[in-house]
Each structure stands twice: as C-alpha cells, then as structure tokens.
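Colleague: build the 3D model from these lines:
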Amino acid sequence: MSFKTLTMSLFAGTMLAGASVAAPLQVAIDSSPAGLDPHLITAFNSVVIVQNNIYEGLTAIAQDLSVVPALAESWTISEDGKTYTFKLAAGVTFHDGTAFDAEDVAASIRRVQSADIASPLASRVTPITSINIVDPLTIELGMDAPFAPILTSLSTVAIVPAEAETNKEALQQVPVGTGPFKFVEWQPNGFIRLEANADYRVAGKPSLEGVTFNFVPESATRQVGVTSGQYHLLPGIDPATALQLQGQPNVTVEETRDLSYTLIGMNAERAPFTDARVREAVNYALNRDEIIQGALFGAGVPAGPLSPALVNWAIDTSEYACYTQDVEKAKALLAEAGVTTPVKVTMPVLPRQDVRDIAQVVQQQLAAVGIEVELVNQEIGQFVQDWRNSNFDMFASANGGSPDPDEYFYRTFRTGGSTNVFKYSDAEIDSWLDAGRSETDAAARKATYDEVQTKLACQGPAAHIAYGNYFTAVNAAVQGFEIYANGRLTSLVDVTLN
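Modeller: Numbering: from 1, shown residues only. Purely as a prediction, here's the structure:
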C-alpha cells in the first residue's frame, strides 16, 4: 500500500469514528508575504508563517510570555552573568536532512549581527561579543557586560543552516528550518503550503498533515470560508471582522490583549519633525479614545510605549500629559517650533484595514491643528521598502511587541538601532537604554525603563496609538489551538482537526 493510499484510508477511518484527523490545516490571510527569511522579515504575513512553524530559536516564548527551552534543552549562566552555556537538543535535523549542531547556532547569530545582511533583529544580539563552540551540542555565548534580556532575545533569532550565513537571497523564497512544519510550495497570489516535519524533534508532533496559508484579499470571502469550514483559521483579524464573526455558527473568536500596537511614526530627520516640540504637538492633537472607538470598535486601550499586558513594566497612560487631547496646546507648540501652518506631509499606510481606519481618523485630528496629511496607500512590499529606507515624513503602521522592554526600545529608539527607521537620536535615551540592558537588578531596570517611557511617550518619534485586542477566528473543526499575545501560531504543533 502506498503512503498516499494509507493516508487516505486513515483519513476515512478517523472521519467515520469522529476522531481527529491528520489533515492539512487551512489558514487564510489577506496577502502574500514579502519574503520568508526569518532574519529579514518584518511584516505580519511573513512572521506568522515562518516563526515557530518553519523555524525555531534556542529558546521560545510560552503562552504566559515566559521563556522556555527550544533548540537549547538547557543552559547555565556564569557567576558574573557574562557567559551563557547552552546544551543543544540531540538528533535534530533541518528540513533538508542535514544535521543541526552548534555551528549552525554560531552562524545564525553571526548572520543576524552582519552589517551585510542588515537584519532588523541585529540589535537583539549585538551584546554577544564571543561565540565558542565547545562541542557539536554545546555552545558558549560571551558578553562584555551582563545582558538581562538575552534569553528572550534569542527566542526571536531563528536558527538557519550554517551554509546560509552570508547568503541574503536563499531563504527568502525557500526557507529551511528545524520546526514542526517544512516548506513545500509557494504559489504567488495563491498559497504557501507546508507539510508536517516527519523528523521533528518532539515525538508524535505535529498531529496535522500540514498547513496551507491561503492568500485571500477579500475579508468577506475569508469570513464565509471560516464559517463554512473551507478555512480553519483566520489569524490576527481586525476588530470589525471579529465583531461580524461573533456568534456565527461553527466559529469561535479567540481573544487576548495584544502585545502589538498601532503607531504613527515621524521621521526625525525631516522637517518639521526634527523638533521635539512638533512631535509633542502631534500627541496633543490626537484623541486616542476617539480613534479606538471609530477605527477599532472600542476593542483596545490607548497605547503608551509598552503594552499594559507587561504589568511589571508599563506606565499607565494617564500619567502622560500629552495623552489628553489639547488642540490649542498643539498649536502653541507648533508656533514655538517656528512651524508655519498649514504644513503638508505625506503618510504611507500599512495595507491593513485597522491601520487604514486609524490613519483616516488621525488625518482628521491633525488637520485641526494645521498639519495636513496626504495618505499614501501602498502594497506591502513597497510599504516595507520605504519604511526600511526611512522614505517617509510620517507613516501609519503596526508593530509586534515583546516580553522584555529592551527588545523593542533598543532596536527602535537607540541611535543606530536596527529598526530605528525614524533616524531618531537622543543621548539621554541612549544612556538609559544602555543601562537597561546591562542592569540585572529588577527594580533598577524598572526605574530606568520608566524614564525611557516617560520621555518617549510625548517627545519620541512614534506616537503610539492603541494596543488592540488580538483576535483569531477558529473553525469548530480545530482542536487544541491556543492564542498567543505575541501573534505567533506557536500552538499549531498541538492542533488536530475533527
């Protein structure tokens, strides 16, 4: 009996018995990803496909946002906090059949650090100054000073084959990882198909035959598909879609507080946003509650620099004076900065419905203080390219959050940070961020990041808008799915279909 015949026989038998089946999971997303290289991608539709499905890191983030082992089974920390020794899982292979070992870990970290690769993750591993391969399954990472968030940061650095270290193109179209699902096919404007990794390091996992990510631009089509069972999962849906699917037969809308946030970015090297008073004026012009009601149907809370989900870190937004809308104050600040109104600027908009809706409300609110905004709608590839090249006056977007403040703040607001597309530079912020990543005392770190939040909230280059509720629509055939606040589909490894 062929493998295909055997699979079909098992499928029929389990369907008759009403048990779970090892069938492909059908996921619907709104567009094709811009690429699949885990060290280069930034867009949601890329990340949701590759992270934790195709690729794994040394560590992983659990549903409660704690750090857990992944490709590293365990680790020890030196007494001075500067050296971490990782014991790697044995018997792991990449999807191309090659063995995984410490050299792949070393090459992956060097790749993310490489200026030629220009990874947006680079700031997360810059403190690593030495890499010592002790043996094929043991690796030491050394630093010149303690780096408090290292275990969290390493969860975001996918391990790729060592052969890809200097190749910037190979993994964008054909990813090769160690995760529970391996890449099979990419049909442009159609789908990306993954199949179960039969040699996955966790025995008996995954239960699914595979996962197909279907590119379905029309929201209505995705909604009909998940209710009919054509699609099993709609990850990261906007609040309007979530509202429409609530109570629909055969569908559950899973919900959690999102670590991701929406924002209005400002180019600190382009007038008038070179002046901190102008950036502060933008914040005073905004009414975040109105934006949340109008664009997110009330499903969210005003966003400070850190998500309220990070209960040990985030300052309540009520403490920020600029979060109380004051049109006259905004006009006064613009006048102090010497800005003649009306001033005209352009704003590229991330092609996502909630962000488009937010941008329209922001456009109206800024017009009231004399900032006339032209919205520029782009496809995702062009938006990401302009974002990375700092080719904007302002932009409207969404960004993924992190369990540790350093992961967001350092790469985004540190001078020269790997995602500091704002071209923002502030010596005081730099000194706080340097201290925050090397400080190991929890109370001292908290005090440092309180300073960072307070300054960035009103005068930084990002006007944080909202932390929404993160929604995923799940068809009744799906069992074992768990929603993660970081937006990853980590639980697919445990999912079955009835």
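Colleague: list the contacts for residue 90?
Modeller: When contacts are counted by Cβ atoms under 8 Å, 6 or more residues apart in numbering, residue 90 is found next to residue 137. Heads up, the C-betas are built off the backbone N, CA and C, glycines and all.
Colleague: can you tell me how far it sits from residue 238?
Modeller: Distance, residue 90 to residue 238, using Cβ to Cβ, to the nearest Å: 43 Å.
Colleague: likewise residue 132?
Modeller: Residue 132 is 47 Å from residue 238, by Cβ to Cβ.
Colleague: of these two, who's got more company?
Modeller: residue 238 (22 against 13; other Cβ atoms under 10 Å).
Colleague: give me the pLDDT value at the more buried one.
Modeller: The model reports residue 238 with a pLDDT of 86.
Colleague: pretty sure it contacts residue 351?
Modeller: No: using Cβ atoms under 8 Å as the test, residue 238 is too far from residue 351 to be in contact (12.0 Å).
Colleague: now residue 70. Nearest residue, chain neighbours left out?
Modeller: Leaving aside its sequence neighbours, residue 70 sits nearest to residue 60 (Cβ to Cβ, 6 or more residues apart in numbering; 4.1 Å).
Colleague: tell me which helix or strand the one you found sits in.
Modeller: Taking DSSP states H and E as the definition, residue 60 sits inside strand 59-61.
Colleague: what are the buried residues along the helix or strand that comes right after that strand?
Modeller: Per DSSP H and E, the first helix or strand lying C-terminal to strand 59-61 is strand 67-69. By 16 or more other Cβ atoms under 10 Å, the buried positions in strand 67-69 come out as residue 67.
Colleague: name the helices or strands packed onto strand 67-69?
Modeller: strand 59-61 (3 or more Cβ pairs under 8 Å, 6 or more residues apart in numbering; DSSP states H and E).
Colleague: please state the offset of the strand it packs on from the chain centre?
Modeller: 14 Å (Cα atoms, centre = their mean, to the nearest Å).
Colleague: just checking: what are the partner strands of it?
Modeller: strand 67-69 (antiparallel) (DSSP bridges).
Colleague: give me the residues contacting the helix or strand just after the strand it pairs with.
Modeller: Where DSSP H and E defines the elements, the next helix or strand beyond strand 67-69 is strand 72-77. For strand 72-77, the surrounding residues in contact (Cβ under 8 Å, 6+ apart) are 58, 59, 83, 84, 85, 86, 87, 88, 89, 151, 154.
Colleague: low-confidence stretches in the chain?
Modeller: Residue ranges of the chain with pLDDT under 70: 1-22.
Colleague: domain map for it?
Modeller: Domain segmentation of the chain under automatic domain parsing yields 20-34+48-53+179-258+470-497, 59-170, 261-469.
Colleague: need these in JSON lines with distance to residue 42, can you?
Modeller: Converted to JSON lines, the domains of the chain look like this (distance: least, Cβ to Cβ, whole Å):
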{"stretch": "domain 20-34+48-53+179-258+470-497", "distance to residue 42": "8"}
{"stretch": "domain 59-170", "distance to residue 42": "6"}
{"stretch": "domain 261-469", "distance to residue 42": "6"}
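Colleague: show me what contacts the residue nearest to residue 70?
Modeller: With Cβ under 8 Å, 6+ apart, residue 60 has these contacts: 52, 67, 68, 69, 70, 155, 490.
Colleague: check residue 177 too.
Modeller: 38, 50, 54, 55, 56, 94, 95, 158, 159, 160.
Colleague: for residue 460, state which of those residues is nearest.
Modeller: Nearest to residue 460 among the contacts of residue 177 is residue 38, at 28.0 Å by Cβ to Cβ.
Colleague: find the nearest non-adjacent residue to the closest one, please.
Modeller: Nearest non-adjacent residue to residue 38 (Cβ to Cβ, 6+ apart): residue 158, at 3.6 Å.
Colleague: strands of the stretch 201-350 of the chain, start to end?
Modeller: 210-215, 233-237, 251-257, 261-266, 300-302, 343-349 (DSSP state E, counting those that start in this stretch).
Colleague: in strands only, show me the contacts of strand 72-77.
Modeller: 59, 83, 84, 85, 86, 87, 88 (DSSP state E).
Colleague: helix, strand or coil for the closest residue in space to the third one that isn't next to it in sequence?
Modeller: Excluding its sequence neighbours, the residue lying closest to residue 84 (Cβ to Cβ, 6+ apart) is residue 141, at 4.9 Å. Residue 141 carries the three-state label strand when classified by DSSP: H, G, I helix; E, B strand; the rest coil.
Colleague: so residue 141 sits right up against residue 78, yeah?
Modeller: No: using Cβ under 8 Å, residue 141 is not in contact with residue 78; the gap is 10.6 Å.
Colleague: which of the two has more neighbours?
Modeller: Set residue 141 next to residue 78 and count neighbours by other Cβ under 10 Å: residue 141 wins out with 24 against 13.
Colleague: nearest the middle, which residue of this protein would you pick?
Modeller: residue 400 (3.3 Å; Cα atoms, centre = their mean).
Colleague: so that residue touches residue 260, yeah?
Modeller: Yes: under the criterion of Cβ under 8 Å, residue 400 makes contact with residue 260 at 4.9 Å.
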